[in-house]
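Asker: Return a 3D structure for these sequence lines:
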Amino acid sequence: STGASVMQATPSLWRAVLAQDPAVVERLRVLIGGEALPADLAVALAEGAVSVTNLYGPTETTIWSTAWEVNRESAGSPRIGRPIANTQVYV
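Answerer: You can find the predicted model right below:
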């Protein structure tokens, strides 16, 4: 109702949103972070949203450190992505 076009939430909240009204994501750029992204949720979001980005960052940084653009072809195997500009990641 507010006209929001971008929303960030945990996978748990995205699952609840889809359960309540899957059409909500049709107008959204979806940002996911805070928990591991399950493959079934990645697929569901990739099929309905404008775009989906999985974001990862350790709790100690309290920011995102990596990003991965989810698409329909690769949504079945979610990844944490590559380092965001001017950062390095050691796993």
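Asker: going forward, measure contacts and count neighbours with C-alpha atoms only.
Answerer: Noted.
Asker: Could you give me the buried positions within stretch 11-28?
Answerer: By neighbour count on 16 or more other C-alpha atoms under 10 Å, the buried set for stretch 11-28 is 11, 12, 14, 15, 18, 22, 25, 26, 28.
Asker: Can you pick out the most distant pair from those residues?
Answerer: Distances among the buried residues of stretch 11-28 were taken as C-alpha to C-alpha; the most separated pair is 12 and 26, at 18.3 Å.
Asker: Secondary structure added to the buried residues of stretch 11-28, as CSV?
Answerer: Listed next are the buried residues of stretch 11-28 as CSV, based on DSSP: H, G, I helix; E, B strand; the rest coil:
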residue, secondary structure
11, helix
12, helix
14, helix
15, helix
18, helix
22, helix
25, helix
26, helix
28, coil
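Asker: Which residue lies closest in space to the residue minimising distance to the centre of the chain, excluding its sequence neighbours?
Answerer: Residue closest to the average C-alpha location in the chain (C-alpha atoms, centre = their mean): residue 32, at 2.7 Å. Spatial nearest neighbour of residue 32, chain neighbours left out: residue 54 (4.8 Å); criterion: C-alpha to C-alpha, 6 or more residues apart in numbering.
Asker: I'd assumed that neighbour was in a helix, is it?
Answerer: No: per three-state DSSP, residue 54 lies outside any helix segment and is strand.
Asker: beta partners of it?
Answerer: For residue 54, the beta-bridge partners under DSSP bridges are residue 32, residue 68.
Asker: So what's the residue count around it?
Answerer: By other C-alpha atoms under 10 Å, 26 other residues sit near residue 54.
Asker: distance of it from residue 18?
Answerer: 17 Å (C-alpha to C-alpha, to the nearest Å).
Asker: Torsion angles phi and psi at residue 73?
Answerer: Dihedral pair for residue 73: phi -70, psi -30, per degrees, to the nearest 10.
Asker: Count the neighbours of it for me.
Answerer: For residue 73, the neighbour count with other C-alpha under 10 Å is 9.
Asker: And for residue 65?
Answerer: By other C-alpha under 10 Å, the burial measure for residue 65, its neighbour count, is 20.
Asker: mind listing the strands in this protein by residue range?
Answerer: 6-9, 29-32, 51-56, 66-70, 82-83 (DSSP state E).
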